[in-house]
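Undergrad: generate coordinates for the sequence data below:
(3 chains)
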Amino acid sequence: MTRLAERPRPSRVALFVTCLGDVFYPEVGEATVRLLHRLGIAVDFPLGQTCCGQPAFNAGFRQPARDVARRNLALFANAEYIIVPSGSCAAMWRVFYPELFADDPVLGEQAEALAARTYELAEFIVQVVGVERLGAVFHGKVTYHASCHLLRELGVAEEPRRLIMAVEGAELVPMDLAEQCCGFGGTFAVKYPEISDAMLQKKIASLKRAGADTLVSCDAGCLMHIAGRLRRQGETIRIMHLAELLNAGSATDAQASEP
Amino acid sequence: MPTPIASHTAPRRTAEHLGTEGFQEHARQALQDAPLQQALQLLVTNFVPRRVAAMAALGNAEELRTEARAIKERTIARLDEYLEHFATQAQRVGVQVHWAHDAAEARQIITGIAQHIDAHVIVKGKSMATEEIHLNTHLEQHGYEVVETDLGEYIIQLAGETPSHIIAPAIHKTRQQIATLLHEHLGTPYTEVIPEMTQIARRALREQFLRADMGITGANFAIAETGSIVLVTNEGNGRLSSTMPRVHVAVMGMEKVIPRLADLAVMLKVLTNSATGQKISSYVTMLTGPRRAHDLDGPEELHVVIMDNGRSAILRSANREALYCLRCGACLNVCPIYQNIGGHAYGWVYPGPIGAVLTPMFTGLDTAQHLPRASTLCGACREACPVKINIPHLLLNLRQQSVERHDAPWAERVLFTLWSWIMRHPRLYASVIPLAALAQKPFVKQGWLSRLPGPFAGWTQSRDFKAVAARSFRQRWQESLQHERPATHSAALEEGIVHE
Amino acid sequence: MSSQEAFLARVRRALHKDPGPLPSRPPLWWSDTDVVEPAAQLQTRLAAQRPTLLAQVQQELDAAGGAVAHVHSAPEAVAYITRLAQQKDAHLVVRWQSELLDALEVDAALHQQGITVHTTALPPGTVAGEATSTATMTTQRRELRELLARADLGLSGVDYVIAETGTLVLMARAGQMRGVSLLPPVHVAVARTSQVIATLADYLLLAQAAGADPQQYLTSCVSFVTGPSRTGDIELKLTVGVHGPGELHLVLLDEQVE
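TA: Numbering: from 1, shown residues only, chains lettered A, B, ... in the order given. The predicted structure follows:
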């Protein structure tokens, strides 16, 4: 998706915080709001939002997914931009909502229209706002985990890395298996735990080879998965969502609430 | 001389259609199987970088993939026309064309040919299509001596196993295991030196090529314009199987047809570069009819068996593009699931991502419904596919079909009905969160849970699970965040963030 | 309904088409233009590119495990072949019947080293294109097969050499057996530099320009040979010389030999 130079700089966006973000990683949503504020962008949060529908969709339950997605189409109908701090949820909106409603002339059109206005956070900042340096400060060796839907369904590869490199004090070090799946895959991690864990172990081995003290990703699901095992192993590598990194060391970071 | 490792201690590996339970068990065993894990690592360190380098070296890999896919799309959309044209052209040059509705009919046709020519010894080039129809067993039951000649297939034939990879069928076997097999079956001196083992197999199989009455191969492409079939190989066994015996039978899925001779250039390029990272395989053989009157070698008869065996059902379905598959194996090599569990756990002829699509479609979604689910939909397969098959989307389609057929466990059905209800009622959803936060409290340590109940326990076998946050995002928004204001434009500029 | 009709009707139904009769010819996506003109233009282009192409052949076939010898005279070509045959301690060489190989007079040189040479020719008195008795052909085929099974070295010409991949194009014909490049452990191919083309697509175009009918412009077997026989089936370790020749040599001759 290319930056539409003719479009005016965004002044207001609607946030889809994702169910994982809402329930497990509220600090990610907070950091997202604050960094958008620092960019001079106002944020709406339609309270009626819950989930994008991906868990049901991925499990093959398309009707329940459709029922939930339909609400989102209505809820966000007037949003000029829909910002999603998650690659997999953004992909659900952009790639799969049109597919879910392909047979419905009215909803299909709505889904297409909304999909065109939906952005994952990193791609929004770099491609739409046109900014890489946000004034964040974070001292450490950071490595980036490229979550699968962000990379391969949305084609977002370089933007998160560029944003990380623009953080003062942060040294971006490469991970040889950065683009390898971490084994989360939603319910996959629960249904096929041994295979999931084998994949996770390889990811963590790669993470350790990278010599980083911090792992950054754009997907809370991946972070939760990787962090869960690091904790079990007693590792001290820090896990951060990109939004948190981009908010680090700023005035608003100091405001970050206690859990 | 080193003591050979007794083959009975090595696990015997076969792909058996075992259903969900069997898959889980098989996968578990595969993860614990150190020699197998070592062999699978070879894919990661060998096949994958070779393909990546080869595609990069082409300089126009993207265009080639797009063109290859376009050729397949157009052909499959009019498959009936191209098949008919191929048959007409092939018959003009003396090929005997046979049409097999299913595996049984294909086996019958081939046995019929063998009987008709009074064959005794049959040599086989590597053919996934013949694996699909379990041809060898059938021929042996009818009294024919069948010899696999592709080195990898020969090895697993000696071991009584099935292939675990489309391109490298014996990749799961160590050199020690292979050395033992050759020594025990051929009586030749035990050696673990790979070139020596290769020469032993060469000598043993050369005899077979010279005495065989019939050669059976697959076909990588069938060219409608000329009635030719094309074999893509490296060892030379495909050439020998199609040249030495009196009769050559090529078995192929009906989707192998391509329209024009000129199309071969693109298709061949994406195939070999994706499969092994080779610009071209050592041998590409284009056969247009049996030998001519004044040819001094070559078969008297060339038979082509065109097989449906479930492909028309795929053609009819939303998963039609699964028929574009060139059987290159690239998706297997990059799949993190395949890399960890190997080919046999998939339970049938085709493993890996494409296997997870084809197996349920060929053998039934009811028994193979776990395969489309045993994936994180990471998309690495789609990225590697020379014809850009959107495998993740095909897997999602299969998951949907499985649910619609009521094959999903009832607990899941209940779960998602409940989930849908909660997710459509935001106030209910909002009230459930603090309840969950409360209920988990006794089990939470520093924001994490080390044990989850019931069906979710799988996660916490090896990982902690994040606890529900004490204050959800929506709570924080309502309490304070919504009152915070964005920086004014000039403040943002001062901070040096937003550039004019 | 024949099995073909039943089979295709099922395919048509799957494509949501009327199971009725088909159009007489499917779209083959060419506009029926003459291939002769583009083929002629190609030849001109290739002539100009030849030095680059020759270098590419060397590089590619080398990388594929073959050996390339670029020689500038017939005696040089013969010397290469004789030397190789001696190195391999060859006793029997079987070769194609071809103008180029005849003109090189390689037989004499090999005889001098005590090496027997057989040419895979049609039975004596046979004329290609005219009917020959089955019995005669059967005997000839059997004898040649037996010779090839014992041969130490196979010597052939080529139809073309594809520079992009270092591939030899060998078309089976009367006097030009498939087995010569397949059965013996060493295969030597002799080509003129004028036979070098750039890509496989070039070959396919040139082939089609040579005749209107596939039966004419494609012989029963076209072998594209790129290097010796190989496998990675054991632990993905590359080994050479599985079922086909373990050695492939290309002698590129750039002199017009009378």
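
Undergrad: please, which helix or strand holds the residue nearest to B:F221 when sequence neighbours are not counted?
TA: Take B:F221 and drop its neighbours on the chain: the residue closest to it by C-beta to C-beta, 6 or more residues apart in numbering or on different chains is B:V230, 4.2 Å away. Using the backbone N, CA and C atoms, a C-beta is placed for each residue, glycine as well. Mapping B:V230 onto the secondary structure by DSSP states H and E places it in strand B:228-233.

Undergrad: contacts for that strand?
TA: Taking C-beta atoms under 8 Å, 6 or more residues apart in numbering or on different chains as the criterion, the residues outside strand B:228-233 that touch it are B:90, B:125-126, B:150, B:217-223, B:238-239, B:242, B:250, B:252, B:261, B:264, B:268, B:271-272, B:281-288, B:304, C:214, C:218.

Undergrad: now that strand: how far from the chain's centre is it?
TA: Averaged C-alpha coordinates place strand B:228-233 at 20 Å from its chain's average position (C-alpha atoms, centre = their mean, to the nearest Å).

Undergrad: over to stretch A:129-147?
TA: Relative to its parent chain, stretch A:129-147 has a centroid offset of 14 Å by C-alpha atoms, centre = their mean.

Undergrad: what sits against the residue of chain B found nearest chain C?
TA: For chain B, the residue positioned closest to chain C under C-beta to the nearest C-beta is B:G236, at a distance of 2.6 Å. Contacts for B:G236 were tallied using C-beta under 8 Å, 6+ apart; they are B:282-283, C:182, C:229, C:242-245.

Undergrad: quick one: is stretch B:315-329 near chain A?
TA: No - Stretch B:315-329 stays clear of chain A (C-beta under 8 Å from any C-beta of the partner chain), getting no nearer than 10.7 Å.

Undergrad: ok, now which ones touch residue 171?
TA: No chain was given, so I picked chain A. Contact criterion C-beta under 8 Å, 6+ apart gives A:140-142 as the residues in contact with A:E171.

Undergrad: can you look at chain C instead?
TA: Contacts here follow C-beta under 8 Å, 6+ apart; on that basis C:M171 touches C:159, C:218-219, C:221-223.

Undergrad: with C:T239 instead?
TA: Under the criterion of C-beta under 8 Å, 6+ apart, the contact list for C:T239 reads B:194-195, B:198, C:230-232.

Undergrad: re earlier: now rank the contacts of C:M171 by neighbours and give me the top one.
TA: With neighbours defined as other C-beta atoms under 10 Å in any protein chain shown, the most crowded of the contacts of C:M171 is C:C221; it has 28 neighbours.

Undergrad: isn't it right next to B:G289, touching?
TA: No - here C:C221 lies out of contact with B:G289, judged by C-beta atoms under 8 Å, at a distance of 9.1 Å.

Undergrad: name the nearest of the contacts of A:E171 relative to C:A198.
TA: When the contacts of A:E171 are compared for distance to C:A198, the smallest value, 48.1 Å, is given by A:V142; criterion: C-beta to C-beta.

Undergrad: okay if I get the contacts of C:T239 as a markdown table plus neighbour count, distance to chain A and pLDDT?
TA: Conversion of these to a markdown table gives the following (neighbours: other C-beta atoms under 10 Å in any protein chain shown; distance: C-beta to the nearest C-beta, whole Å; pLDDT from 0 to 100):
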| residue | neighbour count | distance to chain A | pLDDT |
| --- | --- | --- | --- |
| B:I194 | 19 | 28 | 95 |
| B:P195 | 15 | 32 | 94 |
| B:T198 | 24 | 32 | 94 |
| C:R230 | 26 | 29 | 95 |
| C:T231 | 27 | 29 | 94 |
| C:G232 | 21 | 24 | 90 |
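
Undergrad: any chance of TSV for those residues, columns secondary structure?
TA: Supplementary listing: the contacts of C:T239 in TSV, determined by DSSP: H, G, I helix; E, B strand; the rest coil:
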residue	secondary structure
B:I194	helix
B:P195	helix
B:T198	helix
C:R230	strand
C:T231	strand
C:G232	coil
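
Undergrad: is it possible to get a markdown table of the residues you listed that adds distance to C:E130?
TA: What follows is the contacts of C:T239, written out as a markdown table (distance: C-beta to C-beta, whole Å):
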| residue | distance to C:E130 |
| --- | --- |
| B:I194 | 50 |
| B:P195 | 47 |
| B:T198 | 44 |
| C:R230 | 41 |
| C:T231 | 42 |
| C:G232 | 47 |
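
Undergrad: tell me the one among these nearest to B:L296.
TA: C:R230 (26.7 Å).

Undergrad: what about the closest one, distance to B:L42?
TA: To B:L42, C:R230 is 17 Å away according to C-beta to C-beta, to the nearest Å.

Undergrad: and for the residue in the stretch 151-258 of chain C positioned nearest to chain A, the neighbour number?
TA: Shortest the stretch 151-258 of chain C-to-chain A distance, computed as C-beta to the nearest C-beta: residue-wise this is C:L236, at 19.4 Å. Using other C-beta under 10 Å as the criterion, C:L236 is surrounded by 17 other residues.

Undergrad: OK, contacts around it?
TA: B:42-43, B:46-47, B:168, B:171.

Undergrad: which one of those sits closest to A:G29?
TA: When the contacts of C:L236 are compared against A:G29 (criterion: C-beta to C-beta), the nearest one is B:L43, at 40.1 Å.

Undergrad: just checking, the closest one touches B:G342?
TA: No - look at B:L43 against B:G342 with C-beta under 8 Å: they stay out of range, at 9.4 Å.

Undergrad: neighbour-wise, which of those two wins?
TA: Remark: of B:L43 and B:G342, B:G342 carries more neighbours, 29 against 21, as counted by other C-beta under 10 Å.

Undergrad: on that earlier part again, so what does the residue of chain B closest to chain C have for phi and psi?
TA: With angles defined as degrees, to the nearest 10, B:G236 shows backbone torsions of phi 100, psi -10.
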